[in-house]
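Engineer: let me see the structure of the following:
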Amino acid sequence: MSKAIIAIQVAVVTALILIGVRVVMFAPSTTSTSGSQQQVRSTVPGGDSKTIAGGHLGVSSDSDIKTSPPKQRLIVPFELPENAKRVEWLPAYANASSGWLRIDGLTHKWEVVHERKPRAMLLHDVLTDDECESMVNVADKVLERSSVIDLSTGKARSKVDSYRTSSGMFFQTPDQEKEPANMKYRRIIRKAMGLQEPWIEKTQVLRYNTGEYYKPHEDYFAATDSLNINRGGQRIATSLLTLREAATGGETEFPNANFKVKVPKRAAIIFYDVDESGAVEPFSMHAGLPPGPKSEKWAAVLWAHPRPFF
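Structural biologist: Modelled structure (predicted):
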């Protein structure tokens with residue numbers, strides 16, 4: 001074999017090796033760190049592998065949302081959305097205390113207010129001041145004394161009780177459901193949690209006047225409440241948006257977890273009513289504390305389910 005042929009073969013082999021090295025060097029890694037910003041590559045089941053960096057998530061239109069229901073088993077901490085699809089727990093966010101979500105062109109800061117049992121976070125600037133007032137104005141016309149679920153007869157039904165002294169209503173007529181601020185609130189929360197619209201109960205708006213309260217309670221259904229459980233499964237998460245903030249008092253307290261938080265106007269507190277195994281979370285018990293003198297609190301509540309709720 002001539003020296004020229006050998007030289008060509010060596011050159012070809014060298015080139016192939018270099019190409020292989022280049023492929024390895026530039027192939028996407030599962031986790032990489034650049035400066036202080038960590039990037040995590042997560043594969044959405046049935047979807048493409050995407051990159052989320054620094055807690056800033058890009059969320060696209062509803063057309064990207066999967067139609068299949070989420071798993072019964074939920075992940076704690078919160079499952080962060082990517083293109084409005086449900087994703088697995090991202091390890092880089094296991095100890096994250098704050099970050100950003102971008103939904104429909106708007107950026108929202110989120111921050112963890114309680115790490116575990118229950119995992120709770122605040123999502124800021126969900127609505128504008130005017131949008132908050134719009135929901136208040138719709139609700140104010142039809143408020144009634146709030147009720148609680150009565151299981152004493154073996155059948156779930158609502159009753160008025162001194163355990164809960166606020167007033168409330170549900171956005172349930174076509175005009176109420178289509179109220180723009182209500183639709184925006186529901187859209188932001190379901191995209192932030194990777195849910196579909198049918199998996200969320202109708203919006204409830206509550207008003208707490210001075211001295212009114214809701215004593216410690218769980219949002220998840222009792223095991224004996226088959227009527228509600230059969231409508232869409234257990235309640236898995238709660239969102240409580242402050243429409244008007246009480247000047248004093250009005251905190252949401254979690255007595256079993258020994259913490260309370262005053263949710264600022266326009267922000268929502270989101271917490272899980274179940275743990276990572278899907279079992280009900282006793283530490284999610286919470287209370288609506290009374291506003292102080294000459295003060296009132298308005299809030300909009302959503303409850304999420306693992307499948308359509310009817």
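
Engineer: what's the distance between Val301 and Ile200?
Structural biologist: Distance, Val301 to Ile200, using Cβ to Cβ, to the nearest Å: 11 Å. For every residue, glycine as well, the C-beta is placed using N, CA and C.

Engineer: likewise Pro118?
Structural biologist: From Pro118 to Ile200 the distance is 18 Å (Cβ to Cβ).

Engineer: the two: which is more packed in?
Structural biologist: Pro118 (25 against 21; other Cβ atoms under 10 Å).

Engineer: contacts only, for the more buried one.
Structural biologist: Contact analysis of Pro118 by Cβ atoms under 8 Å, 6 or more residues apart in numbering lists 254, 257, 271-273, 281, 283-284.

Engineer: what of Trp298?
Structural biologist: Neighbours of Trp298 in contact, by Cβ under 8 Å, 6+ apart: 132, 135-136, 139, 205-208, 242-244.

Engineer: at 7 Å instead, please
Structural biologist: 136, 205-207, 243-244 (Cβ atoms under 7 Å, 6 or more residues apart in numbering).

Engineer: just His114 next, same as before
Structural biologist: Contacts of His114 by Cβ under 7 Å, 6+ apart are 120, 257, 259.

Engineer: what's the closest non-adjacent residue to the second one?
Structural biologist: In space, not counting the residues next to it along the chain, Ala257 is nearest to Phe283; the distance is 4.7 Å by Cβ to Cβ, 6 or more residues apart in numbering.

Engineer: what pLDDT is listed against the one you found?
Structural biologist: As predicted, Phe283 sits at a pLDDT of 96.

Engineer: correct me, but it touches Phe259?
Structural biologist: No. The pair Phe283 / Phe259 is not scored as a contact, 10.0 Å apart, by Cβ atoms under 7 Å.

Engineer: look at those two and report which has more neighbours.
Structural biologist: Set Phe283 next to Phe259 and count neighbours by other Cβ under 10 Å: Phe283 wins out with 21 against 15.

Engineer: checking the more buried one next. Helix, strand or coil?
Structural biologist: helix (DSSP: H, G, I helix; E, B strand; the rest coil).

Engineer: how about it, what does it touch?
Structural biologist: Counting by Cβ under 7 Å, 6+ apart, Phe283 touches 117-118, 254, 256-257.

Engineer: before we move on, what about Pro255?
Structural biologist: Counting by Cβ under 7 Å, 6+ apart, Pro255 has contacts 216, 285, 287.

Engineer: need the contacts of Phe283 in TSV (columns: pLDDT).
Structural biologist: Compiled in TSV, the contacts of Phe283 are given as follows (pLDDT from 0 to 100):
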residue	pLDDT
Lys117	89
Pro118	90
Phe254	96
Asn256	96
Ala257	95
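
Engineer: most neighbours, which of these?
Structural biologist: Within those, most neighbours by other Cβ under 10 Å means Pro118, with 25 neighbours.

Engineer: any idea how far Met285 is from that residue?
Structural biologist: Note on Pro118: its distance to Met285, by Cβ to Cβ, is 9 Å.

Engineer: also Phe221?
Structural biologist: 14 Å.

Engineer: who has more neighbours, these two?
Structural biologist: Phe221 (22 against 18).
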